[in-house]
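Asker: Provide a 3D model corresponding to the input given below.
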Amino acid sequence: MPRASRYGKAGLTYPGWLGLTLPAAVCLAVFLASIHAATCALASDSPRNLQLTTPGAYTVVIGSVPGANAVQIVTPTQAPSEKYASPVPRQVFSGTLAEQERDLKTSALMLRFAASRQKLAADPYRPAYHFVSPESQMNDPNGLCFWQGRWHLFYQAYPPDEFPEPKDIPKRRQHWGHAVSDDLVHWRDLPYAIYPGIERMCFSGSTVVESNQVVAFYPGIDAGQMVAIAEDPLLLHWMKLVANPVKSPTGDSCIWKEGDTYFGLVGANNLVSSRNLVEWTAHGGFLEGNPFPLEDAGACPNFVPIGNKHLLLSFSHTKGGQYLLGDYDQPRHRFKPYAQGRFNHGTVSPGGVHAPSAAADGQGGVINILNINDGKPSEDWDQIMSLAQRLTLDSDQRLRIEPVEAIASLRGAHQHVGETVLPANQDLVLETIKGQALELEVELDPQLSRWVQLNVLRSPQAEEQTSITCYNFDRKLSIWYDTQSVICLDGSRSSTLPDVWLRPPERVVMERGAGPLKLRVFIDRSVVEVFVNGKVYLALRVYPGRKDSVGVSVRAQGQDAMLKRLDAWQMQSIWPQPPGGDR
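Answerer: Coordinates of the predicted model:
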């Protein structure tokens, strides 16, 4: 039975290529009948030669029994003109999960993605266990959400169909790319989710999950703010409101729901609300008593609960991904931050951490994924996604940042180094530990050394290496100064190639305390991600030019230090292996 429309006269619309626009209830019923291939079908008093755009009174037929009380009056409306229709192939998929999985096996777009992945797998810098788009370039992650038992990641994708030539890469238009995962580690591609139509490009937004549907809220360039809805098992069918663009300010945005009201942020400080997703009311500034200058960090906002606090993540075009942690006054809809932090500790480009996409995990934590920029020109691909992080609150109500537990499922061959003295001013090369796709768990006691350093992707004579250095300042340095420890992630010697852009070191001030320095380091061909004491995250892209830049070494400067332990795992690929062996 068609349910009552919650969208008023706005209705929903299929993409223009289906040539159909109906009020919401009928549109959803037709969707169930003609696209989802469900048991429901539309009937009419005069069913012979019925057209979907024919006006009249319709009932729902389940099997062969008409629902006498389920009558819907159809008044066809004109579909909005798709001024910017995309040439990228689209497919109508079946309705059940099993049918959708079956359809995906023969989907022309999915076969194209698989062929592209196989071709690009030969690139030595393609990551083995980080998500990267199956074809062309990518940018911000969007709309991370958990729907019917699976995690869905959307992202700014740039299909090559319209502009296939490399010289025209800057002209490619943003669609929402789409991937799905059961564990936030093993990702698989799905077809492009949201296509340009009345909007020229689909910029960055987010989603809200309801019991019966997922709602996307995003800016449509040269149109206005857009709303699209999906309710099928794999979120393959996105229907845009007929009323698009909706009556709202326009910009990178996030959306959530409180009771029967939707709330959104357009930018990081412009609050709007709506009961019907069409008419949005502006409520002014969202931040209250914020001691941390927002500056230009208004892009890609994500507002999510974490424990008994709330987290506002966003992107600065000069400083990269960052967050504000604070208290949300729900009756007044105002957010008062008390802490700030960054995911990028240097420049955005080249090779820096970019924008976040976050979602509550249902257990008091938040899942966060960021894109990481490239540092080496390529006509075929560029950025990658970070590993999924789980954000939680520490006992002091500060943020903890750790990789999701499921990353351990990729661990392969294991090697262990026990307690070892690090003699001052000498590189200790760990001869048995080598690789370009590794996880390292390291505990170091700096003792009285001036700094301790872990080097990865190191060539035999250190012509190339990427370094993680702890400057050991957790003591009084002079009569006048107390200085906290500094953590640096330095890729300035990571490559000798002439076409690689080397970024300045990432630098974080951190109060280490009396305990050891605990590092989790993930190396994946062209990226190094570092989690320090569960509190600090650093990452950058690296492109070693030498095939022998696979080593690991440790060093203490000035005085001896102690390596408490080091565990290393070879990491398995999440992608199908190309013919001819392992990547």
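Asker: Could you find the closest non-adjacent residue to Gln148?
Answerer: In this structure, Gln148 finds its nearest non-sequential neighbour in Pro233, 5.8 Å apart by Cβ to Cβ, 6 or more residues apart in numbering. Heads up, the C-betas are built off the backbone N, CA and C, glycines and all.
Asker: Let me know whether the one you found touches Ser94 as I believe.
Answerer: No - when contacts are counted by Cβ atoms under 8 Å, Pro233 is not listed as touching Ser94 (9.7 Å).
Asker: who touches the residue at minimal distance from the centre of the chain in this structure?
Answerer: Nearest to the geometric centre of the chain sits Pro141, at 3.4 Å (Cα atoms, centre = their mean). Residues in contact with Pro141 (Cβ atoms under 8 Å, 6 or more residues apart in numbering) are Leu153, Phe154, Tyr155, Ala355, Pro356, Ser357, Ile369, Leu370, Asn371, Met385.
Asker: at 10 Å instead, please
Answerer: 131, 153-156, 177, 179, 204, 206, 300, 302, 354-358, 368-371, 383, 385-386 (Cβ atoms under 10 Å, 6 or more residues apart in numbering).
Asker: repeat for Val456
Answerer: 433, 435-436, 438, 440, 465-468, 494, 521-523, 528, 530, 542, 544, 549-553.
Asker: Pairing partners for it in the sheet, please.
Answerer: Thr466 (DSSP bridges).
Asker: do Glu279 as well
Answerer: Lys247.
Asker: And for Gly326?
Answerer: Beta-bridge partners, per DSSP bridges, of Gly326: His310, Pro337.
Asker: The nearest residue to Ser467 once chain neighbours are set aside: neighbouring residues, count only.
Answerer: Take Ser467 and drop its neighbours on the chain: the residue closest to it by Cβ to Cβ, 6+ apart is Asp490, 4.5 Å away. Asp490 has 20 neighbouring residues, counting by other Cβ atoms under 10 Å.
Asker: again, but for the one 3 residues further on
Answerer: Residue neighbour count, defined by other Cβ under 10 Å, stands at 18 for Arg493.
Asker: cool, and Leu410?
Answerer: 20.
Asker: separation between Asp161 and Tyr195?
Answerer: 11 Å (Cβ to Cβ, to the nearest Å).
Asker: which of those two has more neighbours?
Answerer: The neighbour count for Asp161 versus Tyr195, taken as other Cβ under 10 Å, is higher for Tyr195 (25 against 15).
Asker: Quick check, that one in contact with Trp176.
Answerer: Yes - assessed by Cβ atoms under 10 Å, Tyr195 is found in contact with Trp176 at 8.1 Å.
Asker: picking that back up, what about the residue nearest to Gln148, helix or strand, and which?
Answerer: Assigned by DSSP states H and E, Pro233 falls within no helix or strand.
Asker: show me the contacts for it.
Answerer: 36, 93-101, 147-150.
Asker: Mark which of those are part of strands, please.
Answerer: If you go by DSSP state E, the contacts of Pro233 have Trp147, Arg150 in strands.
Asker: Please check the contacts of Pro233 and keep the buried ones.
Answerer: The neighbour count (16 or more other Cβ atoms under 10 Å) marks His36, Phe93, Ser94, Gly95, Gln100, Trp147 as buried among the contacts of Pro233.
Asker: my guess is the third one contacts Leu236, does it?
Answerer: By that I understand Ser94. Yes - counting by Cβ under 10 Å, Ser94 touches Leu236, with 9.3 Å between them.
Asker: Between Tyr195 and Trp176, which contacts overlap?
Answerer: Cys202, Ala228, Trp238.
Asker: By neighbours, which of these wins?
Answerer: Among the shared contacts of Tyr195 and Trp176, the one with the most neighbours (other Cβ under 10 Å) is Cys202, at 30 neighbours.
Asker: And the pLDDT for it?
Answerer: With respect to pLDDT, Cys202 scores 98.
Asker: returning to that earlier point: including pLDDT, could the contacts of Pro233 go into JSON lines?
Answerer: Formatted as JSON lines, those follow (pLDDT from 0 to 100):
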{"residue": "His36", "pLDDT": "37"}
{"residue": "Phe93", "pLDDT": "95"}
{"residue": "Ser94", "pLDDT": "94"}
{"residue": "Gly95", "pLDDT": "93"}
{"residue": "Thr96", "pLDDT": "96"}
{"residue": "Leu97", "pLDDT": "97"}
{"residue": "Ala98", "pLDDT": "97"}
{"residue": "Glu99", "pLDDT": "97"}
{"residue": "Gln100", "pLDDT": "97"}
{"residue": "Glu101", "pLDDT": "97"}
{"residue": "Trp147", "pLDDT": "98"}
{"residue": "Gln148", "pLDDT": "98"}
{"residue": "Gly149", "pLDDT": "98"}
{"residue": "Arg150", "pLDDT": "98"}
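Asker: Out of the contacts of Pro233, flag the one nearest to Pro337.
Answerer: Trp147 (29.5 Å; Cβ to Cβ).
Asker: Assess the claim that that closest one and Val180 are in contact.
Answerer: Yes - here Trp147 reaches Val180: they are 9.1 Å apart, a contact under Cβ under 10 Å.
Asker: shared neighbours of these two, which are they?
Answerer: Common contacts of Trp147 and Val180, defined by Cβ under 10 Å, 6+ apart, comprise Leu234, Leu235.
Asker: rewinding a little: give the bridge partners for the residue nearest to the centre of the chain, please.
Answerer: Tyr155.
Asker: And the helices in this protein, which stretches?
Answerer: Remark: helices assigned in the chain by DSSP state H are 24-30, 97-106, 108-120.
Asker: and among those helices, the most buried is which?
Answerer: Most buried of the helices of the chain, by mean neighbour count (mean count of other Cβ atoms under 10 Å): helix 24-30, with a mean of 22.
Asker: average pLDDT across that one?
Answerer: Taken as a whole, helix 24-30 has an average pLDDT of 39.
Asker: any idea how far Asp123 lies from Ala268?
Answerer: 36 Å.
Asker: Ala462 now?
Answerer: 42 Å.
Asker: can you tell me the average pLDDT over stretch 446-462?
Answerer: pLDDT averaged over stretch 446-462 gives 96.
Asker: hang on, isn't Leu538 packed against Pro505?
Answerer: Yes - Leu538 lies in contact with Pro505 (Cβ under 10 Å); the separation is 9.5 Å.
Asker: between Ala462 and Ala268, who's got more neighbours?
Answerer: Ala268 (28 against 16).
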